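Enquirer: Structure for this input, please:
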Amino acid sequence: MSVKTSNIMTRVEPIIKEQAEAVLSQLGISMSTAMSIYLRQIALQRKIPFEMALPTTQPISFPSLSDDDFNALMDKAVESYASGKCIGVEEFRKERQKEIGL
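Expert: Numbers count the residues shown, from 1 in each chain. Purely as a prediction, here's the structure:
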């Protein structure tokens, strides 16, 4: 017995698609199967199957910062980097690419 199917077309940023495909490949499932699982969970749970919430803090708006506030934030960032609390952009990129198998 064949199951009738419908097509869904959506637009997504290429990098997001590539990253998702890399993860799905490691899991051994196709994008189509993953989307089917997602839609089935929506139907079963009658909600988005993960928590969606607004951030508890508002992002910093550059135009709203005074020069002193901006400089204080930059000093804090430099201190965090110097103390090893954070890593540089290139190292961050390499780690994320390694995580998703790129």
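
Enquirer: contacts and neighbour counts: CA atoms only from here.
Expert: Will do.

Enquirer: Per-residue pLDDT of Arg40, please?
Expert: Arg40 is assigned a predicted lDDT (pLDDT) of 96.

Enquirer: What strand or helix carries the residue positioned nearest the centre of the chain?
Expert: Residue closest to the average C-alpha location in the chain (Cα atoms, centre = their mean): Ile16, at 7.9 Å. Ile16 belongs to helix 14-27 when assigned by DSSP states H and E.

Enquirer: how much space is there between the residue nearest to the centre of the chain and Ile100?
Expert: Remark: distance between Ile16 and Ile100 (Cα to Cα, to the nearest Å) = 11 Å.

Enquirer: if you go through the protein in chain order, where are the helices?
Expert: 14-27, 31-45, 67-82, 89-100 (DSSP state H).

Enquirer: Compare the mean pLDDT across these and name the weakest.
Expert: Of all the helices of the chain, helix 89-100 has the smallest average pLDDT, which comes to a mean of 86.

Enquirer: Mind listing residues that contact it?
Expert: By Cα atoms under 8 Å, 6 or more residues apart in numbering, the surrounding residues in contact with helix 89-100 are 19, 22-23.

Enquirer: per-domain residue ranges of this protein.
Expert: 1-53, 55-97 (automatic domain parsing).

Enquirer: Distance from the chain centre to the last one, please.
Expert: A distance of 18 Å separates the centroid of the chain from that of domain 55-97, by Cα atoms, centre = their mean, to the nearest Å.

Enquirer: okay, Met1: pLDDT?
Expert: 65.

Enquirer: Next, count neighbours for Tyr38.
Expert: By other Cα atoms under 10 Å, 14 other residues sit near Tyr38.

Enquirer: Could you do Val78 as well?
Expert: 12.

Enquirer: Ok, Glu90 next?
Expert: 9.

Enquirer: Ile100 now?
Expert: 15.

Enquirer: and what of Ser25?
Expert: Neighbours around Ser25, by other Cα under 10 Å: 13.
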